[in-house]
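Asker: Next one to model:
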Amino acid sequence: MLMPIIKDNVLPGSTAVTDGWAAYNGLSEQGYKHYVVEHKTSFSCQCRDEQTGENVTIHTNRIEGTWKHAKDYLRHMNGTKVTQFEGHLCETWHTNSS
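Answerer: Numbering: from 1, shown residues only. Reported below is the predicted structural model:
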């Protein structure tokens with residue numbers, strides 16, 4: 001159910017850094033560079049970039065923190081209409097990044 005949404009909104013070849021949720025399985029087979037951080041064991045992971053050979057540290061902390069701020073912001077508004085969601089999400093990003 002999630003894979004069609006990803007395929008409709010994310011270009012093949014894009015890098016996806018996810019947690020270990022099973023719905024993300026198969027991203028590599030669909031043409032995405034997929035790194036997984038298993039939160040059961042740690043909050044970051046050392047991975048080797050296949051193109052550059054460089055070892056990189058990946059984590060999901062920034063997106064999870066951003067999403068927490070967005071949910072808190074939207075909760076104070078008692079939610080939002082679907083048509084306004086993207087604008088409000090951009091507003092929370094701008095507010096928290098300055």
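
Asker: what about the helices in the chain?
Answerer: For the chain, the helices defined by DSSP state H cover 2-9, 61-76, 82-97.

Asker: The last one - what's its average pLDDT?
Answerer: For helix 82-97, mean pLDDT is 71.

Asker: Kindly report the domain assignment for the protein.
Answerer: Using automatic domain parsing, the domain parsing of the chain gives 2-58, 62-97.

Asker: Mean neighbour count added to those domains, as a markdown table?
Answerer: Using the backbone N, CA and C atoms, a C-beta is placed for each residue, glycine as well. Shown next, in a markdown table, are the domains of the chain (neighbours: other C-beta atoms under 10 Å):
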| stretch | mean neighbour count |
| --- | --- |
| domain 2-58 | 12 |
| domain 62-97 | 12 |
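
Asker: which of those has the lowest average pLDDT?
Answerer: Mean pLDDT values for the domains of the chain show the minimum at domain 62-97, a mean of 74.

Asker: Gly26 contacts Met3, correct?
Answerer: Yes: judged on C-beta atoms under 8 Å, Gly26 makes contact with Met3 at a distance of 6.4 Å.

Asker: Next up, the contacts around the residue lying closest to Tyr32 once chain neighbours are set aside.
Answerer: Among residues not flanking Tyr32 along the chain, Ala16 sits closest, at 5.0 Å (C-beta to C-beta, 6 or more residues apart in numbering). Applying C-beta atoms under 8 Å, 6 or more residues apart in numbering to Ala16 gives the contacts 6, 10, 24, 27, 32-35.

Asker: can you do 6 Å?
Answerer: By C-beta atoms under 6 Å, 6 or more residues apart in numbering, Ala16 lies in contact with 27, 32, 34.

Asker: now the last one: how far from Tyr24?
Answerer: Using C-beta to C-beta, to the nearest Å, one obtains 7 Å as the distance from His34 to Tyr24.

Asker: ok, back up a step: dig out what the residue nearest to Tyr32 forms beta bridges with.
Answerer: Judged by DSSP bridges, the bridge partners of Ala16 are His34.

Asker: Report the separation between it and Met3.
Answerer: Per C-beta to C-beta, Ala16 is found 11 Å from Met3.

Asker: before we move on, what about Leu74?
Answerer: As judged by C-beta to C-beta, Leu74 and Met3 stand 26 Å apart.

Asker: Cool, thanks, signing off.
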